[in-house]
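>>> fold the following, please.
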Amino acid sequence: MQRKFLNAATLALAFLVSACSLLPDQIDETKNWSAARLYSEAQTELTAGNYDKAIKNLEKLESRYPFGTYAQQAQMDIAYTYYRQGEQAQALAAVERFIKLHPNHASVDYMYYLRGLINFNDKLSLFGFLSRQDPTERDPKAARDAFDAFKQLTDRFPDSKYAPDARERMRYLVNAMSAYEVHVAGYYYRRGAYLAAANRAQITVKNYPETPAAEQALFIMARSYDALGLDTLRDDAERVLKLNYPNSDFFRGGKSESKAWWNIF
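You can find the predicted model right below:
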């Protein structure tokens with residue numbers, strides 16, 4: 001029985017080998033391409049939006065010609081192509097790899113900038129928090145990561161040509177993150193979670209005092225403390241609000257009292 005089994009297995013293996021020999025060989029048309037041609041073809045595919053083909057050519061370039069400027073440029077372009085393709089994890093991995101391998105590269109500032117852009121444009125970031133999705137379900141981690149990346153760029157390369165745009169994006173991110181915190185604080189207040197609302201609003205006042213959302217955060221704090229019966233804390237929040245925003249519409253008895261003020265959240 002064992003001999004019959006071995007014979008059957010041998011025949012099956014022989015048939016498989018013979019069948020494979022009948023298949024046409026896979027021809028790699030790029031086999032003899034130079035580094036310059038591989039790079040040129042990759043750029044053509046990238047421009048046409050054929051990201052998978054572009055990445056394949058760039059990876060072949062890096063593998064076949066691992067030394068020199070073409071290989072380093074290929075590594076950078078792989079990160080950019082993944083970014084254009086919307087593949088955030090792969091793009092970030094490629095960026096980190098380049099920075100680790102080439103920390104003193106002449107264009108490493110661009111990679112810091114690209115790392116910020118990848119997180120800045122994260123589809124799951126907080127920038128859609130005004131959509132129908134529950135704002136408390138959104139994690140602003142991508143915004144914080146983007147801010148940190150842009151800050152590293154501006155700190156390490158203050159004269160980089162990418163620094164001005166990075167600083168503008170950092171200002172936007174700070175305002176967006178503070179608005180997110182206020183939005184969540186309002187969410188808690190509407191549901192009667194006054195302590196959580198006050199604590200969340202306090203985050204905005206403490207971490208983002210110079211942003212427009214700080215005014216609204218102080219108002220939520222005052223309202224939340226009032227609902228909790230914490231009169232001293234309420235008065236403190238109102239005093240800070242009046243001191244910093246003397247013309248605020250959020251004062252009790254002001255314009256906000258004549259309308260459903262919570263609709264602003």
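>>> right, and the helix or strand after whatever helix or strand Ser178 lives in?
Using DSSP states H and E, Ser178 sits in helix 163-190. Downstream of helix 163-190, the first helix or strand assigned by DSSP H and E is helix 194-207.
>>> which other residues reach that following helix?
The contact list for helix 194-207, computed with CB atoms under 8 Å, 6 or more residues apart in numbering, reads 178, 181-182, 184-186, 188-189, 211, 213-214, 217-218, 220-221, 223-225, 227-228, 233, 240. (C-beta placed from N, C-alpha, C; glycine too.)
>>> hmm, try it at 7 Å
For helix 194-207, contacts defined as CB atoms under 7 Å, 6 or more residues apart in numbering pick out 178, 181-182, 184-185, 188-189, 213-214, 217-218, 220-221, 224-225, 227-228.
>>> mind listing what's buried in it?
Across helix 194-207, burial judged by 16 or more other CB atoms under 10 Å covers Tyr194, Ala196, Ala197, Ala198, Arg200, Ala201, Gln202, Ile203, Thr204, Val205.
>>> next, the angle from it to helix 163-190.
Counting by axes from the mean of the first three to the mean of the last three CA atoms, to 10 degrees, helix 194-207 points 160 degrees away from the direction of helix 163-190.
>>> quick one: pLDDT of Asp236?
Per-residue pLDDT puts Asp236 at 95.
>>> now the helix or strand where Asp145 lies: how far from the chain's centre is it?
Asp145 belongs to helix 141-156 when assigned by DSSP H and E. In terms of CA atoms, centre = their mean, to the nearest Å, the centre of helix 141-156 is found 10 Å from the chain centre.
>>> circling back: how about a markdown table for the buried residues of helix 194-207, with distance to Asp77 and pLDDT added?
A markdown table is the format used below for these (distance: CB to CB, whole Å; pLDDT from 0 to 100):
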| residue | distance to Asp77 | pLDDT |
| --- | --- | --- |
| Tyr194 | 52 | 97 |
| Ala196 | 46 | 97 |
| Ala197 | 47 | 97 |
| Ala198 | 49 | 97 |
| Arg200 | 42 | 95 |
| Ala201 | 45 | 96 |
| Gln202 | 45 | 96 |
| Ile203 | 40 | 94 |
| Thr204 | 40 | 94 |
| Val205 | 44 | 95 |
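>>> the helix or strand encompassing Asp52: which residues count as buried?
Assigned by DSSP H and E, Asp52 falls within helix 51-64. By neighbour count with 16+ other CB under 10 Å, helix 51-64 contains the buried residues Tyr51, Lys53, Ala54, Ile55, Lys56, Asn57, Leu58, Lys60, Leu61, Glu62.
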